[in-house]
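Novice: Got a sequence here, can you model it:
(chains A and B)
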Amino acid sequence: MAFEGTLSDGKSARAMAVTVSLETSGLRIVPSDDAARPQFWPWRDLVATGPLRREEPPLLGNVNQPDARLFIADAGAVPPLLRHAPHLSARRHHMRLLAPMLAATVALLLAGAWLWFGNVPVARMVANMLPGSLHQSLGRSLVRGMTHGKICAAPAGWRALRRMTGRLAPDWPPGTERRVMVAKIGMINAFTTPGGYIVIGKRLIDFARSPDEVAAVLAHEMGHAELRHPEAALVRATGLSVVTTMVFGDNFFGNAALLLGQLRFSRRSETAADAVAIRRMRHAGADPAALATFFERLEGKYGHGKSENGDLLTLFQTHPPTAERIRMMKRAHLPNARPILTEKEWQALRRICDWTKSLVFIED
Amino acid sequence: MMEDHASSGTDMAARQPGEDHTLHIRWSEPKGFVWLSIRNFLLTILTLGIYSFWGKTEVRRRIWNAVRINDEPLEYTGTGWELFRGFLLAAVFLGGGAMIHGVIVAILSAGNEQLAQILFLPLYVIGFWLFGLAIYRTWRYRLRRTRWRGIRATLAGSPVKYANAYFLSGLLVPLSLGWLLPWRLRKLHTLMTRDTRIGTARLRVDPEPALGPLYRVFAPLWFGGLLPYVLILLLVVEVINAAIRHQGGQPIAMPVELPPALLVVLLVLSLLLFMWLRYRYLAQATNWLTGHVRLQGGRFRLNLRPMRLFLLHLGNLFIILLSLGILAPVAQKRLARYMVSNISFEGAVDLASLRQATDTLEKSGEGMGEFFDIDGF
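Specialist: Alright, predicted model coming up:
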C-alpha cells in the first residue's frame, strides 16, 4: 500500500515529494528525487502531535528526528496506519490522558465528600489562620458601608442595648459589647460581619413586639460571630469561586453553581447559629421561643417559607425552611422566663435612633 | 538502494540550491467541532475543570491543522500539561500576590475606604503593565508551538520592552482623548511583528505603515462615538426631568428639546452607526497593517470586510449565548476560517533559507494569559 506525501527534515522549510509505503515493520519513504536517499521509519518511532483522525490527512513525526515531518496527503492512509501504530489512535491517546485524570478527580471527589459529610470545617480552619486584624478591618469596612457611617445612639437606648448584650453575652471581654450597634439600614434584618461586628436594623426593632424578640435575633447573630461564620463564608466564597470557574468557566453554569454552593453553606450556618441563640437566651433566663414568634409574624407579613415542602425551590432560599426553625425554637420554650429588658428599657431601645452619631470604632 | 534509517536524516537545504516558492494559504474545514465542544464541556465537568486545558489544546490543534500552506497543515505542538502548569504558576504567584496585597491594604486602611482605594492604586498600575507582559508571553508561547513542515515560529524580542511600550502608550491614550489609539495600534503591531520569526527568518514591517490611512478611518469613528454619548446624556436628563415634573419641580433646562421616543430612536441609530464605523476601522486597520508585513521577498495581504466581520461577530455572539458558552470553540473556528480565507501571500520565499529556530522552549504556557483572560484562543 503506497501513498503520496512530502517529507521535511525540520532543518529548513524545504520539503521533498515522497512516496510512502506501509511495510510490516514501518514506513518506507522514497523521495521522487533520485538523488535523495530513502528513509525507513519504524512503527514504534512514529509520533504525532495529536491522535490521528480518519478525516484528516496524517502529519507524522519521528522520535529520533524531533523536527522532521512526514505529511501524507491522503486521509485514507489513516486506517492502515492505525492498524500498525495503534499508539497513535484517539482511543490510546484518551486512555493515556483520561485514565489518570479521572482517577485524580475521583480522589478529589472522595476527599471533598469526606470534608463535606465529615463536617470538617475547612473554611473555618483557613479563616482562623488569617490574622484577626484582617477580619476586623474587613468588618469595619462592611459596617461603614452598610450604616453610611452613622449609628443610633440615644443615651437611654444605648444603655438598654448594652444591658441586653451583657445579659446575652456575659462571657464577652469588657468593651467588646460595643461591637453591637443599631443603625438605620432600611430593612428588617440584622447582620454580622467578619471581626464580630453586629448591626441591628432599626426597622427590626420597630417590627418586634417585645425586647425578647430583638434579643433572640441578637443572640442568633452572636452565634454567627461566635462560630466565625462570616470569616468562613468569605474564605468559602473565594474558594468556591475558583472551583466553579475552573469547572464551569465564567458563564451561566459557573454563576449558578456558585450561588447554589453558597446557599447550601448559609443554611447550615443558620441552623448552627439558632442553636447558639437558644443556649444564650436560656442562660440569660429569656425565652428562645420569642424568635419563633418573630419568624411567624415575619412569615405572615412577607410570605417567606411558603414553599417549604423540600422541593428544589427551597434550595434557593438563603435560610433553612422557616417552619423547621420555628419548630426548633418552640421546642426550646422556657417557661417562667423573664423579659430581657424592663418596659422602660424596651421603650428606650425603641427610641434609640432619636439621636444618631458618627460611627467610631473602639479600635480607631 | 542505500537507506537512511530514523537515526540519520538528510539536510535537504544543503543538498539543493535555494528556490523561491510562493505560499498559498487556504482553509480546510475541520469536522466534528460541535461534538468536540460538547465533549470538552462534559469532560471538563467530570474532571472538575482540569480537562479544560487539554480541551483548549485539542481545539487549537484542529484549528491550526485546518490552515494549509501549500496544502500542508500548520501544526500546534502545545500540550495541556503546559497550559495547566502555566495556570498553576500564575494562580500561585499572581493570584497569591494580589491576595497578599489585598490583605495588606485591608490591614493598613482599617476600614478607611478612601485610604484603601489609594493603596489599591499600585496594584492597578502593576496589573496594567503585567497585562502587556502577558500579551507578549502568550503570543510567544503560541508562536513557539506553531510549526509548518517542522519549522517553528517564535517571538525573539523582550517581553519587558513590549510591556513598557504597552504601558506607556496606554497612559497616553486617555490623555489624548483616544486620538492616539491608531498610533498605539501601529506601535504595538510593529514591535510584535518585528520580533516575529518563522524559524530564523524575520518578519519585517516594510515600509512602516503611514498613519494617514489609519486616521482616515479612525476619525469618523471618534466623532461617531460622540453622538451616542451626547444622546445618552440627553436621555438621562430627560428621565431626571420627568421625575422632577412628576414631583412638581422645575426641570433642568435643555439646549435641545426632543421627545423621548425620538431620542431613543436616534440613540439606537447612532449606536448602529457607531458599530458600523467601529467594524470599518477594525477591518481596514487590520488590512492596512497586515499589508505591510513582509517575509523575505513577499508580503501578506488581508482582505477583511466590515459588514462580514460584523455579521461574523454577531453570529458568534448568538452561538455563545444560546449555547451558554459550550459552543465557544465553534465560534473560534468560524473566526479563524474567516481570517484564513481572506489572507494571502504575494511574492516568493526561499524555503531553504527558512531554517529551524534555535531558542529554548519554555515548559509551561500562557499562565499570565489565562490569568488576564487574553482572548478566546
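Novice: and the stretch 51-200 of chain A, which of its residues are near chain B?
Specialist: Counting by Cβ under 8 Å from any Cβ of the partner chain, the stretch 51-200 of chain A comes close to chain B at A:55-57, A:59, A:61-65, A:67-69, A:71, A:73, A:97-98, A:101-102, A:104-105, A:108-109, A:130-131, A:133-134, A:137-141, A:143-145. Every residue, glycine included, has its C-beta placed from N, CA and C.
Novice: Could you identify the buried members of those residues?
Specialist: Those of those that meet the buried threshold are A:56-57, A:59, A:61-62, A:65, A:67-69, A:71, A:97-98, A:101, A:105, A:130, A:134, A:137-141, A:143-144, by 16 or more other Cβ atoms under 10 Å in any protein chain shown.
Novice: In chain B, where is pLDDT below threshold?
Specialist: Low-confidence segments of chain B, defined by pLDDT under 70: B:1-19, B:103, B:106-107, B:109-113, B:362-365, B:367-377.
Novice: So in chain A, where's the weakest helix or strand by average pLDDT?
Specialist: When each helix and strand of chain A is scored by mean pLDDT, DSSP states H and E, helix A:312-315 comes last, with a mean of 38.
Novice: so where's the stretch 51-200 of chain A uncertain?
Specialist: Applying pLDDT under 70 to the stretch 51-200 of chain A flags the ranges A:115-123.
Novice: Show me which helix runs longest in chain B.
Specialist: The helix that spans the most residues within chain B, counting by DSSP state H, is helix B:211-246.
Novice: need the next SSE after that one, C-terminal direction.
Specialist: Helices and strands here follow DSSP states H and E; after helix B:211-246, the next one along the chain is helix B:260-290.
Novice: Quick check: what element follows that following helix along the chain?
Specialist: Counting by DSSP H and E, the next helix or strand C-terminal to helix B:260-290 is strand B:293-295.
Novice: Help me see whether that next one makes contact with chain A, please.
Specialist: No - figure legend: strand B:293-295 not in contact with chain A (Cβ under 8 Å from any Cβ); closest approach 10.9 Å.
Novice: And for that strand, what's in contact with it?
Specialist: Applying Cβ atoms under 8 Å, 6 or more residues apart in numbering or on different chains, the contact partners of strand B:293-295 are B:193, B:198, B:201, B:203, B:204, B:205, B:206, B:299, B:300, B:345, B:349.
Novice: how far does that strand sit from the chain's center?
Specialist: 20 Å (Cα atoms, centre = their mean, to the nearest Å).
Novice: So what are the sheet partners of it and their directions?
Specialist: strand B:201-205 (antiparallel), strand B:298-302 (antiparallel) (DSSP bridges).
Novice: Format these as a markdown table; extra columns: distance to residue B:232 and mean neighbour count.
Specialist: Formatted as a markdown table, the strands paired with strand B:293-295 follow (distance: least, Cβ to Cβ, whole Å; neighbours: other Cβ atoms under 10 Å in any protein chain shown):
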| stretch | distance to residue B:232 | mean neighbour count |
| --- | --- | --- |
| strand B:201-205 | 39 | 18 |
| strand B:298-302 | 34 | 17 |
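Novice: and residue A:186, which of the ones you listed is closest to it?
Specialist: Closest to residue A:186 of the strands paired with strand B:293-295, according to Cβ to Cβ: strand B:298-302, at 56.8 Å.
Novice: how about the next helix or strand after the closest one: buried residues?
Specialist: Using DSSP H and E, the next helix or strand after strand B:298-302 towards the C-terminus is helix B:306-322. Buried residues in helix B:306-322, counted by 16+ other Cβ under 10 Å: B:306, B:309, B:310, B:312, B:313, B:316, B:319, B:320.
Novice: Okay, angle between helix B:306-322 and helix B:211-246 too, please.
Specialist: Computed with axes from the mean of the first three to the mean of the last three Cα atoms, to 10 degrees, the direction of helix B:306-322 lies at 50 degrees from that of helix B:211-246.
Novice: Whether helix B:306-322 contacts chain A - can you check?
Specialist: No - Helix B:306-322 lies apart from chain A when judged by Cβ under 8 Å from any Cβ; the minimum separation is 8.6 Å.
Novice: From the chain's centroid, how far away is the longest helix of chain B?
Specialist: 27 Å.
Novice: what's that helix packed up against?
Specialist: Packing partners of helix B:211-246 (3 or more Cβ pairs under 8 Å, 6 or more residues apart in numbering or on different chains; DSSP states H and E): helix B:181-195, helix B:260-290.
Novice: Single out the most deeply packed of the ones you listed.
Specialist: helix B:181-195 (a mean of 19; mean count of other Cβ atoms under 10 Å in any protein chain shown).
Novice: any idea which helix or strand comes after that one?
Specialist: Assigned by DSSP H and E, the successor of helix B:181-195 is strand B:196-198.
Novice: Going by neighbour count, which residues of that next one are buried?
Specialist: For strand B:196-198, burial by neighbour count (16+ other Cβ under 10 Å) applies to B:196, B:197, B:198.
Novice: burial of residue A:162, as a residue count?
Specialist: 13 (other Cβ atoms under 10 Å in any protein chain shown).
Novice: okay, the strands paired with strand B:293-295 in JSON lines with distance to residue A:125 next?
Specialist: Converted to JSON lines, the strands paired with strand B:293-295 look like this (distance: least, Cβ to Cβ, whole Å):
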{"stretch": "strand B:201-205", "distance to residue A:125": "54"}
{"stretch": "strand B:298-302", "distance to residue A:125": "56"}
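Novice: Hmm, residue A:232 and residue A:127 touching each other?
Specialist: Yes - applying Cβ atoms under 8 Å, one finds residue A:127 in contact with residue A:232, separated by 4.8 Å.
Novice: gap between residue B:321 and residue A:12?
Specialist: Distance from residue B:321 to residue A:12, counting by Cβ to Cβ, to the nearest Å: 46 Å.
Novice: do residue B:329 as well
Specialist: Relative to residue A:12, residue B:329 is positioned 34 Å away (Cβ to Cβ).
Novice: With residue B:235 instead?
Specialist: Residue B:235 is 63 Å from residue A:12, where distance means Cβ to Cβ.
Novice: more neighbours, the two?
Specialist: Neighbours per residue, other Cβ under 10 Å: of residue B:235 and residue A:12, the larger number sits with residue A:12, 26 against 17.
Novice: No further questions, thank you.
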